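Participant: here is my input, please return the structure:
(one chain, ligands or ions: 2)
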Amino acid sequence: MAVDHAAAEVDHLAAERAAARFDVEAMKIAWAGSRHAVDVADRMARLVASDPVFRKDNRTMLSRKDLFKDTLRKAAHAWKRIVELRLTEEEASLLRQYVDQPGYVDLHWGMFVPAIKGQGTEEQQKKWLPLAYKFQIIGCYAQTELGHGSNVQGLETTATFDPMTDEFVIHSPTLTSSKWWPGGLGKASTHAVVYARLITEGKDYGIHGFIVQLRSLEDHSPLPGVTLGDIGGKFGSGAYNSMDNGVLRFDHVRIPRDQMLMRLSQVTREGKYVQSDVPKQLLYGTMVYVRQSIVADASKALSRAVCIAVRYSAIRKQFGSQDGGPETQVLNYRTQQSRLFPLLASAYAFRFVGDWLNWLYTDVTQKLEVKDYSTLQEAHACTAGLKAVTTSATADAIEECRKLCGGHGYLNSSGLPELFAVYVPACTYEGDNVVLLLQVARILMKTVSQLTSGKQPVGTMAYMGKVQHLMQSKCAVKTEAFEARALRMAVNCAQNIGQASNQEEGFYERSPDLLEAAVAHIQLIIVTKFIEKVHQDIPGHGVKEQLQNLCNVYALYTLHKHLGDFLATGSLTPKQGALANEQLGKLYAQVRPNAVALVDAFNYTDHYLGSVLGRYDGNVYPALYEEAWKDPLNETVVPEGYHEYLRPLLKQQLKLSRL
Ligand SMILES: CCCCCCCC/C=C\CCCCCC(=O)SCCNC(=O)CCNC(=O)[C@H](O)C(C)(C)COP(=O)(O)OP(=O)(O)OC[C@H]1O[C@@H](n2cnc3c(N)ncnc32)[C@H](O)[C@@H]1OP(=O)(O)O
Ligand SMILES: Cc1cc2nc3c(=O)[nH]c(=O)nc-3n(C[C@H](O)[C@H](O)[C@H](O)COP(=O)(O)OP(=O)(O)OC[C@H]3O[C@@H](n4cnc5c(N)ncnc54)[C@H](O)[C@@H]3O)c2cc1C
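Facilitator: Ligands and ions are numbered 1, 2, ... in the order given. A predicted model of the protein is given here:
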């Protein structure tokens, strides 16, 4: 008798859900942060999913031009809905998230507005923000140039003050000074916050921000002296190609003096440069803000990939029966579990550390308002380091999820290729991950050098104050082993740098080791914040236990993956390392019955997930089959090109065979 495999697969997910040993609704709250957060997210996700304008299943088949126009249409429609429904800021931002199509709006809200808020005076905010809030202007963040991205101090664009006219003259003196990459610049933006070297009274005062109008508000044409366009197609089909990353050159473009963002420093009518009493690093404040958003974003991207891979692994069966009986769900293979469950645990780990980072950012911002700059370094180290570690891990994890889904994972309809292509530049934008980890390493070296002077490290570096204990102790398999590993790696680097002829040379020579020390420090933060989370009061049947398991999986997996560090620094013995691995295997067995419910707790709609493999109902095979027929290649039975290229070839073969 023919078995209806499709029906059997659907039942499988129902069976998986029934087997879960915890309250999924309560876990949704733990994941989202509150009942309110679940409800708002749910409402916005459904609003987007039910609106045909937000359809995205055909995205990878659109040409670049059509994709860009589709992005403009979606952005305009989203704005219309936001205004019509009088959505709050929280609701509007969630709605944009669920539209799930990178576009100029991300940079307008994500960087242009924050740059004006952070670096503009009150008057400047009063003038520019209402225009931006109503979309009467569209803005982008124009910092990176063709020749310089990571090295912000190396930017070449100039803003020279002309006291005769009370204006700045913005100029691109070389090809390499062309602004290159800013999202939204290529086709959509009317304005930009442009970073340029401020020159007044013949002196170069370094990089400052300026609001510059680029396009006419009448007909969108570039203003005189402005040359701009899109920089061209990017990695993957669909994906980040919906964004108009742009190029921009200035030929002596004049702007009024009051368009220099003057909260941090000013230029007077006479051309005098006046430095405020705030640290100049606040110029980098917008980047700090976006880096913390990117950490929150990492858990979203990772949880999407993991949700697809877990559901599909519960559906997919291979081997296990020689006599026609049911085959084994691939989720039951130990290898599948050991590749997938650490990623599931990482999604939760990044979610909680992201929440903590958001708290830290808010706290630092409040302190800055009362001129307390004491936590600026902590904010920089944590945002830079966590951005680097979480984005690298997430990009690798999405690719691993694709492999975990076998051949079908390679299809666009799995959603994974596009997710990867959209996500992977996060390792580069807002600071190349290596460059950011070296920033963390510099701060670690500074902290180690201050230990001898008796200065007690604070915040996430406080553990380094326990130097006597951590350098000597034999650690049990818990946070202390992570602390000892991170501290010992940092101290080793500092000792090696100390032997070099000078500090800079030593830092340069030891930079590969410094990267690893920085990663160890950041992983300690992630583990610590996860542990702090599970120590909180978490309501719901079995929820705390599940999170405890995932926390242990994250910690032990990280330990297993970096066992070399733990052994080399003597933070663990080989026996402890082996025991930890043993324990990890046991934890996977506990995660297994809960895996599907743990990804259900992310509460993603099928629309947002965008994957036939990750469908909530598990009805994978009919959906895959149906999806294939939608490909433009299947619009005709005989392909275009048959008469020109296939038929002559086939006829020729026929003639040859008759010879
Ligand atoms: C609605 C929400 C939206 C959220 C969106 C999420 C998803 C987004 C999706 C898509 C958007 C994509 C956006 C991408 C946009 C961009 O990429 S914008 C361009 C970003 N560019 C960079 O990140 C450049 C990276 N480079 C730098 O940041 C700096 O050049 C550097 C930090 C590497 C070096 O700076 P430099 O000035 O040369 O300084 P140093 O000598 O190294 O350091 C001097 C001191 O300053 C301290 N410091 C450095 N940075 C900061 C900071 N940000 N905050 C505070 N302090 C900082 C540093 O520790 C040194 O301190 P000491 O003097 O005490 O040692
Ligand atoms: C999709 C996307 C969107 C972007 N959006 C914007 C935007 O809206 N606005 C904007 O201004 N910019 C934007 N950017 C630019 C982005 O911020 C830069 O690309 C990023 O900061 C990296 O700089 P870079 O390209 O100069 O890389 P490079 O610094 O040239 O990196 C090349 C290599 O050199 C290494 N390297 C560099 N410096 C060091 C060092 N000191 N020590 C060791 N290794 C080093 C890096 O690790 C990397 O391997 C965007 C980029 C992308 C990809």
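Participant: close to ligand 1: what parts of this protein are there?
Facilitator: By CB under 6 Å from any ligand atom, the residues of the chain that approach ligand 1 are 93, 106, 109-110, 141, 143-144, 150-153, 183, 281, 284, 287-288, 290, 293-294, 297, 376, 380, 429-431, 435, 439, 443. The C-beta positions use only the backbone N, C-alpha and C, and glycine is treated the same way.
Participant: buried subset of these, written for PyMOL?
Facilitator: Buried residues within the residues of the chain next to ligand 1, by 16 or more other CB atoms under 10 Å, are selected in PyMOL with:
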select buried, resi 106+109+110+141+143+144+152+183+284+287+288+290+293+294+297+376+380+429+430+431+439+443
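Participant: and the residues of the chain next to ligand 1, which of them are in strands?
Facilitator: Tyr141 (DSSP state E).
Participant: so which of the residues of the chain next to ligand 1 are also by ligand 2?
Facilitator: 141, 143-144, 150, 183, 429-431, 435.
Participant: so how far is ligand 2 from Tyr608?
Facilitator: Noted for Tyr608: a distance of 21 Å to ligand 2, by CB to the nearest ligand atom, to the nearest Å.
Participant: leaving aside the residues next to it on the chain, what's closest to Gln336?
Facilitator: Closest residue to Gln336 apart from its sequence neighbours, by CB to CB, 6 or more residues apart in numbering: Val330 at 5.2 Å.
Participant: Thr176: what's it in contact with?
Facilitator: 145-148, 156 (CB atoms under 8 Å, 6 or more residues apart in numbering).
Participant: thinking again about what came up before, can you report how many residues neighbour the residue nearest to Gln336?
Facilitator: Using other CB atoms under 10 Å, Val330 has 23 neighbouring residues.
Participant: also Asp513?
Facilitator: Asp513: 16 neighbours (other CB under 10 Å).
Participant: so Gln450 sits against Met464, correct?
Facilitator: No: contact criterion CB atoms under 8 Å: Gln450 and Met464 do not qualify, at 9.3 Å.
Participant: could I get the full set of strands for the stretch 201-350 of the chain?
Facilitator: Taking DSSP state E, counting those that start in this stretch to define them, one finds strands in the stretch 201-350 of the chain at 203-213, 226-230, 246-250, 253-256, 265-267, 273-275, 317-318, 328-329.
Participant: kindly reformat those as JSON lines containing distance to His541.
Facilitator: Putting the strands of the stretch 201-350 of the chain into JSON lines (distance: least, CB to CB, whole Å) gives the following:
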{"stretch": "strand 203-213", "distance to His541": "52"}
{"stretch": "strand 226-230", "distance to His541": "53"}
{"stretch": "strand 246-250", "distance to His541": "52"}
{"stretch": "strand 253-256", "distance to His541": "61"}
{"stretch": "strand 265-267", "distance to His541": "57"}
{"stretch": "strand 273-275", "distance to His541": "58"}
{"stretch": "strand 317-318", "distance to His541": "30"}
{"stretch": "strand 328-329", "distance to His541": "25"}
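Participant: is it possible to export those to a markdown table including mean pLDDT and mean neighbour count?
Facilitator: Shown next, in a markdown table, are those (pLDDT from 0 to 100; neighbours: other CB atoms under 10 Å):
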| stretch | mean pLDDT | mean neighbour count |
| --- | --- | --- |
| strand 203-213 | 98 | 19 |
| strand 226-230 | 98 | 17 |
| strand 246-250 | 98 | 24 |
| strand 253-256 | 98 | 16 |
| strand 265-267 | 97 | 20 |
| strand 273-275 | 96 | 12 |
| strand 317-318 | 94 | 15 |
| strand 328-329 | 94 | 16 |
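Participant: any idea which of the ones you listed gets closest to ligand 2?
Facilitator: Among these, the nearest to ligand 2 by CB to the nearest ligand atom is strand 246-250 (8.8 Å).
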